[in-house]
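Colleague: sequence unavailable; structure follows:
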C-alpha cells in the first residue's frame, strides 16, 4: 500500500489543467504565468492540444518562462498537426514575421489558408491583410475583401473596420448603384460603429473622423476619438495626436494634448482641460 505524499496536490492540479479549455487556460496563465508554466508544459507534452497552444504562446511572449520563439513555433506546429485552427493561424504568424522559423510568405499563406478554411476569423483577417500588403493586384484585393467580409459577418472587429474602409473609399464596390456615394458612406459608418463598439481602436478613430468631418457632431466625435486615444497602443496614439492637435475644436485638441501628456509622462491638471 502506497503512502500519500506531497506530490498528490500537483497530480490533482495536473488533472485539472488537462480538463481546461482554451479560454480557461489563458485565464490560468494570466493569473500566474510562472506557476502555470510547469503544468502547461506537462499537459502539452502529454498531448493536450489546448495546452500546446497555450504553452507555445507563453514561450513566444516570455510569459512566466524564458522567451524561446523556436520552441514556440514547434509547439504551434504540434497543435496545428492535430487540426487546431488557432494554431494554424499562429504558425502562419510565425512564418510571416520570422518568429522561430525562416520568414516565408508562401508558408504563411498556406497556414492562414488552413486556418481560414476551418473558419478561424483571425486566419481570414491575417490572410486578407497579407494579400493586401505590397502592391496587390485586383484579384488579391477582391479576395481580401471577401475574406474580411466573411470575418466581419462572424463578428471580427478588425475586419469590420477594413470592410468599412473599403465601403468609404468605394474600393471594388458596384459602380452602378443609385446614390452610390451616400450608400457607401452609410455602410462604412455602420461597419465602423460595429467595430468601434467591439473595441477596435482604428474603427473608433475612423468613426470619430467621419462624425467630425462629415457630420460636424463634435460631442460624438470626441467620444470615439477619446476612446481610440485611450484604448489604442502608444504608437497608434502618437500617430493620431498631430491631427487632433491641429483641429479648431477645443474638445478634440484636448484629446491630442492628453496623448502628448501621456507620452511625456506628465499628468494634465484639471485647469489645463
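Modeller: Structure received. All figures in this text were calculated on a predicted structure; none of them were measured in a lab.
Colleague: ok, now which ones touch residue 142?
Modeller: The contact partners of residue 142, by CB atoms under 8 Å, 6 or more residues apart in numbering, come to residue 172. Quick note: C-beta positions are derived from backbone N, CA and C, even for glycine.
Colleague: roughly how far apart are it and residue 148?
Modeller: Distance, residue 142 to residue 148, using CB to CB, to the nearest Å: 11 Å.
Colleague: do the same with residue 140
Modeller: 12 Å.
Colleague: what's the answer for residue 217, then?
Modeller: 27 Å.
Colleague: do the same with residue 66
Modeller: 37 Å.
Colleague: the two: which is more packed in?
Modeller: Neighbour totals were compared for residue 66 and residue 148, and residue 148 leads with 29 against 7 (other CB atoms under 10 Å).
Colleague: residues touching that one, list them.
Modeller: By CB under 8 Å, 6+ apart, residue 148 lies in contact with 124-125, 128, 159, 162-163, 166.
Colleague: please redo it, this time with the cut-off set to 6 Å
Modeller: 128, 159, 162-163 (CB atoms under 6 Å, 6 or more residues apart in numbering).
Colleague: do the same with residue 203
Modeller: Residue 203 neighbours (CB under 6 Å, 6+ apart): 161, 192, 195-196.
Colleague: neighbour count added to those residues, as TSV?
Modeller: Below are these laid out as TSV (neighbours: other CB atoms under 10 Å):
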residue	neighbour count
161	26
192	29
195	26
196	26
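Colleague: list the ones among these that fall in helices.
Modeller: Of the positions in the contacts of residue 203, 161, 192, 195-196 sit in helices, assigned by DSSP state H.
Colleague: so can I have TSV of those residues showing distance to residue 133 and pLDDT?
Modeller: Listed next are the ones in helices among the contacts of residue 203 as TSV, based on distance: CB to CB, whole Å; pLDDT from 0 to 100:
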residue	distance to residue 133	pLDDT
161	17	96
192	22	97
195	20	97
196	24	97
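Colleague: run through who's touching the helix or strand encompassing residue 124.
Modeller: Element membership for residue 124, per DSSP states H and E: helix 121-132. Applying CB under 6 Å, 6+ apart, the contact partners of helix 121-132 are 89, 112, 115-116, 140, 143-144, 147-148, 150-151, 154, 156, 158-159.
Colleague: same check, this time on stretch 55-71
Modeller: 33-34, 37, 40-41, 44, 72, 75-76, 99-100.
Colleague: tell me the one of the contacts of residue 203 nearest residue 235?
Modeller: Of all the contacts of residue 203, residue 235 sits closest to residue 161, with 17.0 Å by CB to CB.
Colleague: list the contacts for that closest one?
Modeller: 195, 200, 202-203.
Colleague: mind doing that once more with 8 Å?
Modeller: Taking CB under 8 Å, 6+ apart as the criterion, residue 161 is in contact with 191-192, 195, 200, 202-203, 206.
Colleague: ok, now residue 249?
Modeller: Contacts of residue 249 (CB under 8 Å, 6+ apart): 212, 218, 222.
Colleague: gap between the residue nearest the centre of the chain and residue 32?
Modeller: What sits nearest the mean C-alpha location of the chain, by CA atoms, centre = their mean, is residue 158, with 6.9 Å. Using CB to CB, residue 158 is found at 30 Å from residue 32.
Colleague: residue 115 now?
Modeller: From residue 115 across to residue 32, the span is 29 Å (CB to CB).
Colleague: neighbour count winner among those two?
Modeller: residue 115 (28 against 10).
Colleague: now do that one, the pLDDT please.
Modeller: For residue 115, the model assigns a pLDDT of 98.
Colleague: what about it, which helix or strand?
Modeller: Using DSSP H and E, residue 115 falls within helix 105-117.
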